[in-house]
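Enquirer: Next input, structure requested:
(chains A, B and C)
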Amino acid sequence: MILVPDRSLELLSRDFYERPTTEVSRDLLGRYLVLQRPGEADHIGKLVEVEAYVGAEDRASHASRGHTRRTAPMFEEAGRAYVYLIYGMYWCLNVVTEEVGQPCAVLIRAVEPVQGLTLASNGPGKLCRAYGLDGTWNRADMTSSPLRITAGEPVDQASIAASPRVGVDYAAEWAEKPLRFFITGNRHVSRPPKPKRQDLLPR
DNA sequence: GGCTCGATCTTG
DNA sequence: AAGATCGAGCCC
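Expert: Okay, the predicted model is just below:
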């Protein structure tokens, strides 16, 4: 049973991720996050919200504390997962970007359900719960493993908005940089911007 | 060894 | 507005 066009399930290559992290972040919107496990329905969601973590200088990034056991994957091969536990109870999924040695990654914050997702996926912790992802997926190769990102439905730049990242108030000037990217108006974005007054007027 | 805090989410 | 819940990172 084909529920999505075949082309949308083509893998993104390693090269895709070996580019500047903000560029990769924007280009990831509209792509599909796919999880295929034996004995389970395929899970497919369209990326609608991501955040860029752009290197060791980025005070909001775990990598700002250097190369440690936890952050090691960020320094490694692009296209692999960096999965970590936050607040003792939620897993968060990133995909590593740029060259080996550059600790950069994109946090996947929300997906729009396409197929097989039964739980809410509008938030980094919630989407890992919806896919059933945990720390065992750390370093999974997202260009080839059962957990992967595929071509999906690429989005034009005009429908992408940027804002400061969520939950990083401690990061001084880095807290304000517009490194969160989302599809304008998409219902599955975790923290939609307040509607403008104008938009609330009856027509 | 102990302390603090977090790239979150839910409930009140 | 505050609590859940625990490992990472840092200091002793």
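Enquirer: now the most centrally placed residue in chain A, which residues is it bridged with?
Expert: Compute the mean C-alpha point of chain A, and by Cα atoms, centre = their mean the closest residue is A:Ile108, 1.7 Å away. Note on A:Ile108: beta-bridge partners by DSSP bridges are A:Val50.
Enquirer: Please name the residues that touch it.
Expert: Residues in contact with A:Ile108 (Cβ atoms under 8 Å, 6 or more residues apart in numbering) are A:Leu28, A:Leu33, A:Leu47, A:Val50, A:Leu93, A:Asn94, A:Val95, A:Pro124, A:Leu127. For the C-beta atoms, the positions are set from N, CA and C on the backbone; glycine is no exception.
Enquirer: Sort out which of those are in helices and list them.
Expert: Members of the contacts of A:Ile108 lying in helices (criterion: DSSP state H): A:Leu28, A:Pro124, A:Leu127.
Enquirer: any low-confidence regions in chain A?
Expert: Chain A contains residues with pLDDT under 70 at A:1-2, A:194-203.
Enquirer: and with 80 instead?
Expert: A:1-3, A:192-203 (pLDDT under 80).
Enquirer: right, is stretch A:100-112 up against DNA strand C?
Expert: No: against DNA strand C, stretch A:100-112 shows no contacts by Cβ under 7 Å from any atom of the strand, the least distance being 10.8 Å.
Enquirer: Give me the distance from stretch A:128-148 to the chain's centre.
Expert: From the chain centre to the centre of stretch A:128-148 is a distance of 12 Å (Cα atoms, centre = their mean, to the nearest Å).
Enquirer: List the buried residues of it.
Expert: A:128-131, A:133, A:137-140, A:142-143, A:147-148 (16 or more other Cβ atoms under 10 Å).
Enquirer: Of those, just say which sits nearest to A:Thr22.
Expert: A:Met142 (18.6 Å; Cβ to Cβ).
Enquirer: and chain A, which residues reach DNA strand C?
Expert: Near DNA strand C, when you scan chain A using Cβ under 7 Å from any atom of the strand, you find A:His62, A:Arg65, A:Gly66, A:Thr68, A:Arg69, A:Arg70, A:Thr71, A:Leu85, A:Tyr87, A:Gly88, A:Met89.
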